[in-house]
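S.K.: let's see this in three dimensions:
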Amino acid sequence: MRIIILALAASLLAASTLVTSSFGAPAACDVKGAKLEEAIAGKSELREAANKQTVRDLRTLRDAAIVLETYKYEAECARLVTIVRALAANPEKTIERGGDTDEEKAEDLMEAREPKAPAEFETVKPK
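M.R.: Sure, this is the predicted structure:
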């Protein structure tokens, strides 16, 4: 479920980057204006225990928008906020779309998220 939502967001974000670069000035990013927590509180579907992962995914996407804004990717942030609003506005469709429960994909994603230890370099001793 989370894989599909995150993949959808990534593809929409990539498309918005192309559009923004074609048309110039980036749009302002209003993460607070997304009112995600209010949307979660107001939608009974999002408060159901079975949909906890969808809510976590929405919060992850919102947090990603904050990071984009921090690094001055305003247009990308604004696009991600738009995606979060759209997903939160129609929880039934979001939950239906996010129905992928492929364990192998989930394991791959979890592995990719784990911090990696730096590679050890062989030290050449001078003669």
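S.K.: dump stretch 76-87 to CSV, keeping only the CA atoms.
M.R.: Taking C-alpha atoms only, stretch 76-87 is exported to CSV below (Å, rounded to 0.1, in the frame of the first residue of the first chain):
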residue,chain,number,x,y,z
GLU,A,76,8.1,20.4,-5.6
CYS,A,77,6.9,21.0,-2.1
ALA,A,78,3.7,22.7,-3.4
ARG,A,79,3.1,19.8,-5.7
LEU,A,80,3.5,17.3,-2.9
VAL,A,81,1.1,19.3,-0.7
THR,A,82,-1.4,19.1,-3.6
ILE,A,83,-1.0,15.4,-3.7
VAL,A,84,-1.4,15.1,0.1
ARG,A,85,-4.6,17.2,-0.1
ALA,A,86,-6.0,15.0,-2.9
LEU,A,87,-5.2,11.8,-1.1
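S.K.: where in the protein is pLDDT low?
M.R.: When the per-residue scores of the chain are filtered using pLDDT under 70, the ranges that remain are 1-27, 99-102, 121-127.
S.K.: how does it look with 90?
M.R.: Applying pLDDT under 90 to the chain picks out residues 1-28, 50, 53, 95-127.
S.K.: helices of that one, residue ranges please.
M.R.: Ranges of helices within the chain are 2-23, 36-42, 44-47, 52-70, 74-89, 91-97, 103-113, based on DSSP state H.
S.K.: and among the ones you listed, the most buried is which?
M.R.: Comparing those by mean neighbour count (mean count of other C-beta atoms under 10 Å), helix 74-89 ranks first with a mean of 21. C-beta here means a position set from N, CA and C on the backbone, and glycine is covered the same way.
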